[in-house]
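1. Kindly return the folded structure for what I paste below:
(2 chains)
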2 protein chains.
Amino acid sequence: MKDYIKIHPWKVIENNFHPEFNRISESIFSLGNGHMGLRGNFEEKYSGDSLQGTYVGGVYYPDKTRVGWWKNGYPEYFAKVLNSTNWIGMCVEVDGEILDLNKGTIHSFQRILDMKEGHLSRTVIFEFPKGNKVLIESTRFVSMIYPEVGVLKYSITPLNFSGDIKIISYLDGDVINEDSNYEEKFWEEVDKESSSYEGHVTLKTKKLNFHLCTAMKYDVSLNKEKIYPSAKCSEKEKYIANEFSLSCNKNDTLTIYKYVAITSSRNHLIENLKDKAYRILNKAFEEGFDELLLKQINTWENIWAKSDIVIEGDDSSQQGIRFNIFQLYQTYTGEDHRLNIGPKGFTGEKYGGVTYWDTEAYCIPFYMSTCDKEIAKNLLIYRYDHLRKAKENARKLGFTKGALYPMVTMNGEECHNEWEITFEEIHRNGAIAYAIYNYVNYTGDKSYLEEYGFEVLVEISRFWEERVNFSQDKNAYVILGVTGPNEYENNVNNNWYTNRIAVWTLQYTLEVMDYLKTKDYNNYNKLISLLNLQDKEINKWKDIINHMYYPFDSKRNIFLQQDGFLDKNLSILAKDLCLNELPLNQHWSWDRILRSPYIKQADVLQGLYFLEHEYDLETIRKNFDFYEPLTVHESSLSPCVHSILASRLGYKDKAYELYLRTARLDLNDYNNDARDGCHITSMAGTWMSIVYGFAGMAVKNHTLVLNPYLPKQWESYSFNIIFRECPVKIQVNLGDVVITNKGINHIKVKLFNKEYLLPSEEKLVVTK
Amino acid sequence: MKDYIKIHPWKVIENNFHPEFNRISESIFSLGNGHMGLRGNFEEKYSGDSLQGTYVGGVYYPDKTRVGWWKNGYPEYFAKVLNSTNWIGMCVEVDGEILDLNKGTIHSFQRILDMKEGHLSRTVIFEFPKGNKVLIESTRFVSMIYPEVGVLKYSITPLNFSGDIKIISYLDGDVINEDSNYEEKFWEEVDKESSSYEGHVTLKTKKLNFHLCTAMKYDVSLNKEKIYPSAKCSEKEKYIANEFSLSCNKNDTLTIYKYVAITSSRNHLIENLKDKAYRILNKAFEEGFDELLLKQINTWENIWAKSDIVIEGDDSSQQGIRFNIFQLYQTYTGEDHRLNIGPKGFTGEKYGGVTYWDTEAYCIPFYMSTCDKEIAKNLLIYRYDHLRKAKENARKLGFTKGALYPMVTMNGEECHNEWEITFEEIHRNGAIAYAIYNYVNYTGDKSYLEEYGFEVLVEISRFWEERVNFSQDKNAYVILGVTGPNEYENNVNNNWYTNRIAVWTLQYTLEVMDYLKTKDYNNYNKLISLLNLQDKEINKWKDIINHMYYPFDSKRNIFLQQDGFLDKNLSILAKDLCLNELPLNQHWSWDRILRSPYIKQADVLQGLYFLEHEYDLETIRKNFDFYEPLTVHESSLSPCVHSILASRLGYKDKAYELYLRTARLDLNDYNNDARDGCHITSMAGTWMSIVYGFAGMAVKNHTLVLNPYLPKQWESYSFNIIFRECPVKIQVNLGDVVITNKGINHIKVKLFNKEYLLPSEEKLVVTK
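-> The predicted model follows:
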């Protein structure tokens, strides 16, 4: 755990430069607009430790799979999030010395991510090795309103000298992915051009033919007066630059406003790419920095109005949740239905792919509650669109029917290659089914079921039908050889969560079938016939539902993570592990982790969280009391679920502790891996740990249920959701809870177990 | 299964060329002399499918590990068996056309591996595309008496034309390993020279600095008259050649005798490498082809005299066992104690490393029985020498004491990188302990225990002590997260074999301790103190012995492969699997294999084979009857063990069927993988399936126990062993069994449960 980031309710601040944490900072100070983004790299050359990263959503590379030992069924490629043209590049030279924060003296340093306004700025006083001192000021953002536009304002002020300052403003597409499997470069040049004050580079990927044009335009001011120094053009492979030199006096401020437009063949015809880029660029250039910034601030103001969570009395918690919400909206805005929520968003290249079960299990609740329901629906349709490929995937693995969604994907095809995950972490199929239930339950939008949902549910159910087998020995159905959400156990038998979610899927599919039958018998028959759904299949599902085996410890009255769990050495709790062995995955060999009782991520508890309405509090308590002390939360997805359940059980300190762990996971680098990028998808879990946890929100029978409490560290908190088209504000104070319906319809609310009808524009105040 | 190889008692014959099986043939027609070897590649250029392979024992390359997902504890490198300078190269050109069997017409083709005499020959009538017809005859061998010498006689006879024939005799070190992880070349050139009729190439490996000098010398005959055509030298990178041209008349036979010496820095100082090579080469050259061949035949005659198994009435069985014995002695002769028995010997590059548990479990019995006991002892000392590294390996995986031998090694360090094998297939430690017992029991050489064996046993026992854990739930010790010999189950709990061999190791270690204590109390104390062996450790071992958990099915009265085995779908037996799905590992995804009941390799049965003396026949029968029908024998090491147990149980047809499967595994390519190389280590299992299986040999209380039967397909069989320094011949006929003691001491024999004292030079004839 690290704590060099300054606490502030709206800002993420690094005071003084921490080169040893630079990769972490680069992750944290990332910018994005749902369409593209970049890490918090410096504009200038930097020879210290850094991961250069500029990403455009949906532009990826099918990198040839690298494995030690090939297994049948592995995909040929792993879709890599692609590092692309670096557009912030600004090389500064004074008296023959290149500005490089790694070579010289930093007298002061501050970078600020302004989450309220959506920009990153930096102020540095730097002394070159020869003694020349400069003030560097930069501000940049990727426009939320013009998704293909990036803007940078970069100033240099000589502080103790007068003399020439040389600036090279460049675009550099000669970049690599650090995680390239065979150290290949993924881009080749198509076209480039540089002229005075502008230029572009067009590249294409060596495979899949993605084209990307990055065009820049800039102007220069001296002490806020626009000037026109003569610029020298230069070009290298995949690189164009404009160089100019200016004689400055001490305390003169030289400012470059750099505007960039990035167009890709995902959104434009290849032959128009350059023209489109320049058209967009020229518009941005004309609007100018200040106007663009104003629009940026306004856009973020609107987002915050809908999605902010205000916490009074605890800036650390406040900063945490805002950082999480900010990063979520930087990663995914829901405007492009072909995109999804990558685990690192635009903050790093690790993992590859963009879609994991994280989307369904963690992110959908957030988007479903904080914006128009179409956005959550788009995320569901994304999977519907991949159904054919999920069926192909199941065939590839030897199933004669049904669909197995990929563990990781970019375009619907599996691109993960580790047998114990790729082939065995099949519970993901359950989460995809659960998300349909969750969406319909929350939004009340049952039309989704007949249009899309039922088909997905049937194909997932068919998969489960073939994947279980009947154990003569147990006289029950079993599911062998799986990896549950807890990836610290691999290839186990009868993972409780997987068995449970499989049966739940079958149950829900049958329930939906009944609903559709009742609703419109003709249409139902058409669907059944289209899907060729047989009675014997339905009977088999019922048999599985009735005869599934669940590992259970009757001594402790708990569900077991898997058949062999009780054979483990349970005597040392996670809190008693040596700190220098944590995180375990960075210190222990894999076999040791596997046979240990330590849990990476909520597993039985994940199931109890999903299906809370089916279990009594005592059951949840027994399982929580057993599993939480064994959980090391080395998956980012773990603490939020534990925090929610802890809230439910009245374990308020534990809930708060785990809230901080999820909210500040990256800001404090709890798992020693933020250097690779931020944990975007788990950030939706942070939101859940407040809304579902502290506020106890649920939707039951079209009623908004709330059972809020106030963590003792806070003075109050409030948040907004959209429930059944109505914006609703929930304010939890020390003495009361205020629910405001800002919508045009009335809503049903159940607060502290008492039901209310809350009319439009009215407030419900309940004193505790 | 393929059957294009002609049956012959002493020869392996391919009539007509099978280009589609060429890689298989190249494996089968490999030559070796325990020191070096090469695949059955053609001397001429060949543009068809081929795996060029020339190997020198102990010369390897630490190829950078390639994994999909790195796990702590993985080794940095994988030691690759290194393809080295191709020395048989002979390029033939007629009328502007290069001789290439892939481009022209083959009118007749025969290659013969003469196992009796130890050479490979080939006769081909080939027509060039332009119509010129030639007869090609070649014979080559790697000398058993001069381990660094290779010899080739290569003749060309124009059959339908007169004209110039151009020959290029070359050495080519510009070779690759097909299984290089990153497509790197592993060699760089040090030195080369070519002059008339001779030349050399010296290379070194890019890592580890192995140097290898390959020197050649040749002479030329026309119709058996030596001639001296003028030779043109040429050189390329890592390549030297001599080219000459000769005007030949129709039916003239042009013959090149090519002699090669290969010296390596493993055996010589780098600065002497070239001189040594030429010295050895000149000696071979002076002796000449015929003399060298005569010596080759003599050497093999001596080997066969000691190790041959003669089978009358079944040439297919005969060819099989001789091929196995021949390949074993081609791979390992025991002369260099730093070498070991690689799974592919000198027949292919696959797998890397040279030492697996195969050596202890399969090969030691063969060498122990067919040659001087020093050779088996050397194989044991090899592991003693690696003890320090095995201890380091255990530390690396988090154990505070004990030794874990590597799964695969070249120099004592682990070089395997697949967690479920590398970290979990720990039963290998048991086989290494068992081999000590096996050697001492067979040879009576108890001195080995105090000198070397005890220390190894103690460190392995210490490993088991830490690796088990006590299950409160089972109130017994368990071993979690292992892979047993059956690699079609991974990361299982309580693999019966592993639990059993762990306890057996502890028992045997204590037994050896008692023996040492009794034998020489002072020396014993010294050892205990040296090893710092504590009473509490010994007590813990006893506790583990007394409270180990063994999975058992009390309904069927069988041991269970692992805790979850009975949950599997056991209803489809291996024989009922679709043929087009076999071998499973080439058709099924890994998860499907893992949850299936199909067994790659004897597992419970491996334990019952090792510890047969501790179990009654009924137990063995019950387990065999349950497991054999589920076993697909997709490991080469499997059928021999099943064959031995089938013999023991009187399942004679099954024993014979499995004998053929092991004996002819490569000749018939049962597992569709002989193209990668022959399965050398399992060949010792073939020998065991006759000697331990059909002949029922064992050693109990210093008595040679035999319970032979004659498979009904055979008329008789006989074999020789060395037992307690005495060569003993066992002849099993239809009506009697004849045991001849050719040694100078008497031996104790127990035949069909009756004990005999068999004096020197006497015969025991027992009529059945």
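
2. contacts and neighbour counts: CA atoms only from here.
-> Will do.

3. What is the end-to-end distance of stretch A:162-178?
-> One end of stretch A:162-178 sits 40 Å from the other (CA to CA, to the nearest Å).

4. touching chain B at all, that stretch?
-> No - remark: stretch A:162-178 sits outside contact range of chain B, by CA under 8 Å from any CA of the partner chain, the gap being at least 14.5 Å.

5. Contact residues of the stretch 151-300 of chain A facing chain B?
-> Within reach of chain B by CA under 8 Å from any CA, the stretch 151-300 of chain A has these residues: A:Y182.

6. before we move on, what about the stretch 351-500 of chain A?
-> When proximity is defined as CA under 8 Å from any CA, the stretch 351-500 of chain A approaches chain B at A:397-398, A:417-420, A:423-424, A:469-474, A:478, A:480-481, A:490-493.

7. Kindly recompute the last result at 7 Å.
-> When proximity is defined as CA under 7 Å from any CA of the partner chain, the stretch 351-500 of chain A approaches chain B at A:397-398, A:417-419, A:423-424, A:469-474, A:480-481, A:491.

8. In helices, which of those fall?
-> A:W419 (DSSP state H).

9. Now the helix ranked longest in chain A: buried residues?
-> Ranked by residue count under DSSP H, the longest helix found in chain A is helix A:273-307. Buried positions in helix A:273-307, judged by neighbour count with 16 or more other CA atoms under 10 Å in any protein chain shown: A:273-274, A:276-278, A:280-282, A:284-285, A:288-289, A:292-293, A:295-301, A:303-304, A:306-307.

10. Which single one of the residues of the stretch 351-500 of chain A next to chain B is nearest to A:L706?
-> The nearest member of those to A:L706, counting by CA to CA, is A:E424 at 36.9 Å.

11. for the nearest residue to that closest one once chain neighbours are set aside, what are its contacts?
-> The shortest distance from A:E424 to any non-neighbouring residue, by CA to CA, 6 or more residues apart in numbering or on different chains, is to A:V482 (4.4 Å). Going by CA atoms under 7 Å, 6 or more residues apart in numbering or on different chains, A:V482 touches A:424-426, A:490-493.

12. Let's have those residues in TSV, adding distance to B:Q731 and pLDDT.
-> Converted to TSV, the contacts of A:V482 look like this (distance: CA to CA, whole Å; pLDDT from 0 to 100):
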residue	distance to B:Q731	pLDDT
A:E424	54	98
A:E425	57	98
A:I426	59	98
A:N490	52	97
A:N491	50	98
A:V492	51	98
A:N493	51	98
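
13. can those residues go into JSON lines with extra columns for neighbour count?
-> As requested, the contacts of A:V482 are exported to JSON lines (neighbours: other CA atoms under 10 Å in any protein chain shown):
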{"residue": "A:E424", "neighbour count": "22"}
{"residue": "A:E425", "neighbour count": "22"}
{"residue": "A:I426", "neighbour count": "25"}
{"residue": "A:N490", "neighbour count": "26"}
{"residue": "A:N491", "neighbour count": "28"}
{"residue": "A:V492", "neighbour count": "26"}
{"residue": "A:N493", "neighbour count": "25"}
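
14. Find me the pLDDT at the spatially most central residue of chain A, would you?
-> When CA atoms, centre = their mean is applied to chain A, the residue found nearest the centroid is A:I680 (2.7 Å). Per-residue pLDDT puts A:I680 at 96.

15. I'd say it and A:Y329 touch.
-> No - using CA atoms under 7 Å, A:I680 makes no contact with A:Y329, being 9.8 Å away.

16. Helix, strand, or coil at A:A241?
-> strand (DSSP: H, G, I helix; E, B strand; the rest coil).

17. From chain B, how far off is it?
-> Taking CA to the nearest CA, to the nearest Å as the measure, A:A241 falls 35 Å from chain B.

18. just A:A433 next, same as before
-> Counting by CA to the nearest CA, the gap from A:A433 to chain B is 22 Å.

19. For the helix or strand containing that residue, which helices and strands make contact with it?
-> In the assignment (DSSP states H and E), A:A433 maps to helix A:427-443. Packing contacts for helix A:427-443, counted by 3 or more CA pairs under 7 Å, 6 or more residues apart in numbering or on different chains; DSSP states H and E, involve helix A:496-519.

20. Give me the residues contacting the helix or strand just after the helix it packs on.
-> Going down the chain from helix A:496-519, the next helix or strand is helix A:521-530, by DSSP H and E. Here helix A:521-530 makes contact (CA under 7 Å, 6+ apart) with A:516-517.

21. How about stretch A:266-282?
-> A:211, A:213, A:215, A:259-265.

22. Let's see that with 6 Å instead.
-> A:261, A:263 (CA atoms under 6 Å, 6 or more residues apart in numbering or on different chains).
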